[in-house]
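Colleague: Would you be able to build a 3D model of this:
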Amino acid sequence: MTLETKKIAFTELGKFLSQFNEGNCIKKETVFGNDLFFEKFTDLIQLSQSHNGWFTPEQVFFSIQSWAKALTKENLDQWLSKYDFSEVKPKKVALILAGNIPLVGFHDFLSVLITGHTVLIKTSSNDQHLLPFMANYLIAFEPQFANKIEFVEGKLENFDAVIATGSNNTARYFEYYFKDKPSIIRKNRNSIAVLNGEETTAQLTALGEDIFRYFGLGCRSISKLFVPKDYSFVPFFEGIFKYQDVIHYEKYANNYDYNKAVFLMSNFKLLDNGFLTIKEDSSYGSPISSVFYEYYDNLDDLQKRLENENEQIQCITSNNLVKNSIDFGQTQQPELWDYADNVDTVSFLMQL
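Modeller: Numbering: from 1, shown residues only. The predicted model follows:
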C-alpha cells in the first residue's frame, strides 16, 4: 500500500465518524459503507456503557468526534509531511492498549499502519469493541489492510517491537518482559493547570472541561492545580459550576462519596462544592471526583520544578504562565502531532 492509499482510507474513516454526534446522528449518502456499518456503529455506541460503565454515550461521542476532526486530509498531510517513509522496512508491532477512555489506543494503531508496519493488538478488557469495529471499516474500504491488522486475546508472539501502555506497576513488568525488543513503555502521567487568579470565567469554565471530560480518567485530564499563595477558589468553583450534573452519574457519585469520606476521616482540610473536592497535596495524581492543589511562590521556581518533574506530567494548561502550556479547554483535543509522553511514535516506528 502506498502512503496515499492509507491516507485516503483513514480520511474515509474520518468522514464515517463525522456522522455520529450526540443526539444527532445523520446518515450521509456519500459516505462509504453506511449500509453495512452505520446502524451497527450506532448500536455499538449505545452498548458501550454496558461494556464499560465509564463509557457513557456522551463520552464515546466526544471521542468519536475528536477523531473525526483529526482524520482529515489536511491534518494527515500536515502530520506526515516531515517524515520520509521511503526507507521503512515493514515489521510486526505489538500494541498493548489501555482502556481508561474510549479509543485511547487509536493513535498508536494509526501510527503503526500509516508507517507501513503490521499491527498486532491486545486490547484492554475495558475497551474491546470500538477499535475492532474501526479496523473492520478500514478493511472494508481498503482490503489490503486485512493482512496488516491482527487482534490477539492470548499471549503476544512473533513480533518485532512493542508499544505498551499501563500503570507504573505494569510498566516495570513490561520493561522486563520486553527488554529484548525495541519498545515504547508508557507509565502513569497526569496533567496540571497553573493559575494566577486573573483567569476569566470563560477560561475557568473551559478548565472544567479539562477536569471533567472522561470523568477525569484520562492522562490528559487535569488532576492538579498550582495556585499563588493568596488565591481565592471562589471564581474557580463558579467557573466549573456548569459541570454539576456529573454528580448524577452513579459511578462518579460513588467515587465522590467514598473519596470525600476517606479524606474527612483522615482529617484532611477540603474545599467542596457538592460534586468536586479539592485538597492541598503535593502529588500529581488525584482520585476521581477530586483535584489536588499546591501553592507556588513564583513562576520561575515553578517552571524549574515542572521541567525537573516532566516525566510525571502529560500536559499543562495555563494562560501563558509557563512554557509549553496549552489553552484551557484543549487538553482533551490533541492534534495528530501531539504525542503521548512527548515521544515521537512515528520516528520510533520508522527506525525499526
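Colleague: Quickly find the element holding Asn75.
Modeller: In this structure, Asn75 sits in helix 73-80 according to DSSP states H and E.
Colleague: So which elements touch that helix?
Modeller: Judged by 3 or more Cβ pairs under 8 Å, 6 or more residues apart in numbering; DSSP states H and E, helix 73-80 is in contact with helix 3-17. In this view, the C-beta of every residue, glycine as well, is placed from N, C-alpha and C.
Colleague: at 6 Å instead, please
Modeller: In terms of contacts (3 or more Cβ pairs under 6 Å, 6 or more residues apart in numbering; DSSP states H and E), helix 73-80 is packed against no helix or strand at all.
Colleague: those strands in the stretch 101-250 of the chain, which residues are they?
Modeller: 118-122, 149-151, 161-165, 183-186, 190-194, 222-228 (DSSP state E, counting those that start in this stretch).
Colleague: will you turn those strands into JSON lines that also has mean pLDDT, mean neighbour count and distance to Val234?
Modeller: Converted to JSON lines, those look like this (pLDDT from 0 to 100; neighbours: other Cβ atoms under 10 Å; distance: least, Cβ to Cβ, whole Å):
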{"stretch": "strand 118-122", "mean pLDDT": "98", "mean neighbour count": "20", "distance to Val234": "47"}
{"stretch": "strand 149-151", "mean pLDDT": "98", "mean neighbour count": "16", "distance to Val234": "50"}
{"stretch": "strand 161-165", "mean pLDDT": "97", "mean neighbour count": "24", "distance to Val234": "38"}
{"stretch": "strand 183-186", "mean pLDDT": "96", "mean neighbour count": "20", "distance to Val234": "37"}
{"stretch": "strand 190-194", "mean pLDDT": "98", "mean neighbour count": "24", "distance to Val234": "16"}
{"stretch": "strand 222-228", "mean pLDDT": "98", "mean neighbour count": "22", "distance to Val234": "12"}
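Colleague: Make CSV from those and add distance to Asn75 to it.
Modeller: Compiled in CSV, these are given as follows (distance: least, Cβ to Cβ, whole Å):
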stretch, distance to Asn75
strand 118-122, 20
strand 149-151, 22
strand 161-165, 21
strand 183-186, 22
strand 190-194, 22
strand 222-228, 25
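Colleague: Between those, which one is closest to His51.
Modeller: strand 149-151 (15.4 Å; Cβ to Cβ).
Colleague: Give me the below-cutoff pLDDT ranges for this protein.
Modeller: For the chain, applying pLDDT under 70 flags no range at all.
Colleague: Against the centre of the protein, work out the most remote residue.
Modeller: Distance from the centre of the chain peaks at Asn267, with 33.6 Å (Cα atoms, centre = their mean).
Colleague: Find the helix or strand that that one is a member of.
Modeller: Here Asn267 is assigned to no helix or strand, by DSSP H and E.
Colleague: now stretch 45-59, how far from the chain's geometric center?
Modeller: Put simply, stretch 45-59 sits 16 Å off its chain's centre (Cα atoms, centre = their mean, to the nearest Å).
Colleague: which residues sit against it?
Modeller: Applying Cβ atoms under 6 Å, 6 or more residues apart in numbering, the external contacts of stretch 45-59 come out as Glu22, Val60, Pro102, Asn126, His129, Tyr214, Phe215, Lys251.
Colleague: rerun that using 7 Å as the cut-off
Modeller: With Cβ atoms under 7 Å, 6 or more residues apart in numbering as the test, stretch 45-59 has contacts from 20, 22, 60-61, 99, 102, 126-129, 214-215, 217, 251.
Colleague: Perfect, I'm done here.
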